[in-house]
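> coordinates only, sequence not included:
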């Protein structure tokens, strides 16, 4: 690949196993008429095309893709990047970037969805709808968020946006993060990861907003779920790997936890007949927390800008690595 020069007419692979992202890819193509965007549901079906850049919407970027000599840049459409092997990309000279949630409206959108799940569980929305249809009135009695304690595990862009919003509901907010020196929003008590059990024991609701990795797989397991306050709620808007589904199922069946709101799962798409999803105290949505008009619009704009920056030979925003021997040098 040429070093530090403009790439006219880039070939961009947009890979996603979700067909609905085809429209997003078409919108991206419309914003970048000088380049070609190809939507691929199967990441391996590149048909020998010498792609210059790859955009991934949740699809795994394989080693085979990264070994394509023409590819010099991989861009995720969200803040997560666990589907890209950063180490391999760096070794091969491929730049990788993600999108900061605070820059695209994703943090705000996901925070809103966490509150949606939390309010629906607290106010027993499903039971209230059923009661209305059965002719019942002024039932069931819900729980207000006012005065309750929330624990947010992960105080990045999303966790911070959520903390501010929960405080507006009159909640006491705690946060758990690896680097306590970074602190948190004003009024939020910050715990280190070694104090997770202590924080969980004090919370009426726990929201997972931490970035998933190999170290925190099944962070919420038999031990941590048992440490939660009896009758508490668990909300997961981060990644499904953070929760051990069998342990959560038992915690809900036993009555130790009052409910769970899930937007992410151990496998996606998730089997809708899984025993956990058939419990009445579980509210589940199909990984849509960040799928909003604001996030899609702002994300599309930043995505096009990042790809154009790479084509121009300048560094895109939010790079995750710095290859010592890049296939294309950026300034």
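Structure received. Since the model is a prediction, treat every value here as computed from it, not as a measurement.
> Give me the nearest residue to residue 71, chain neighbours excluded.
Once flanking residues are discounted, residue 71 sits nearest to residue 51: 5.5 Å by CB to CB, 6 or more residues apart in numbering. Every residue, glycine included, has its C-beta placed from N, CA and C.
> my bad, residue 222
residue 247 (4.6 Å).
> tell me the pLDDT at residue 49?
pLDDT, residue 49: 88.
> pretty sure it is in a helix, no?
No: secondary structure of residue 49 (DSSP: H, G, I helix; E, B strand; the rest coil): coil, not part of a helix.
> what's it in contact with, if anything?
11, 13, 38 (CB atoms under 8 Å, 6 or more residues apart in numbering).
> separation between it and residue 12?
Look at residue 49 and residue 12: by CB to CB, to the nearest Å, they are 10 Å apart.
> My understanding was that residue 238 contacts residue 212; is that so?
Yes: here residue 238 lies in contact with residue 212, judged by CB atoms under 8 Å, at a distance of 6.3 Å.
> more neighbours, those two?
In this view residue 238 and residue 212 are compared by other CB atoms under 10 Å, and residue 238 has more residues nearby, 27 against 18.
> is it fair to say that one lies in a helix?
No: counting by three-state DSSP, residue 238 is not part of a helix but coil.
> what sits against it?
Residues near residue 238 by CB under 8 Å, 6+ apart: 154, 158, 208, 209, 210, 211, 212, 264.
> Mark out where each domain of this structure begins and ends.
Per automatic domain parsing, the structural domains of the chain span 11-102+293-312, 106-284.
> can you redo those as CSV with distance to residue 323?
As requested, the domains of the chain are arranged in CSV below (distance: least, CB to CB, whole Å):
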stretch, distance to residue 323
domain 11-102+293-312, 5
domain 106-284, 21
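> Least reliable of those by average pLDDT, please.
Among the domains of the chain, domain 11-102+293-312 carries the lowest mean pLDDT, a mean of 93.
> Between the two ends of that one, how far is it?
Taking CA to CA, to the nearest Å, the first and last residues of domain 11-102+293-312 lie 14 Å apart.
> quick revisit: secondary structure element for the residue nearest to residue 222, which one?
Counting by DSSP states H and E, the element that carries residue 247 is helix 245-253.
> List the buried residues of that helix.
245, 247, 248, 249, 250, 251, 252 (16 or more other CB atoms under 10 Å).
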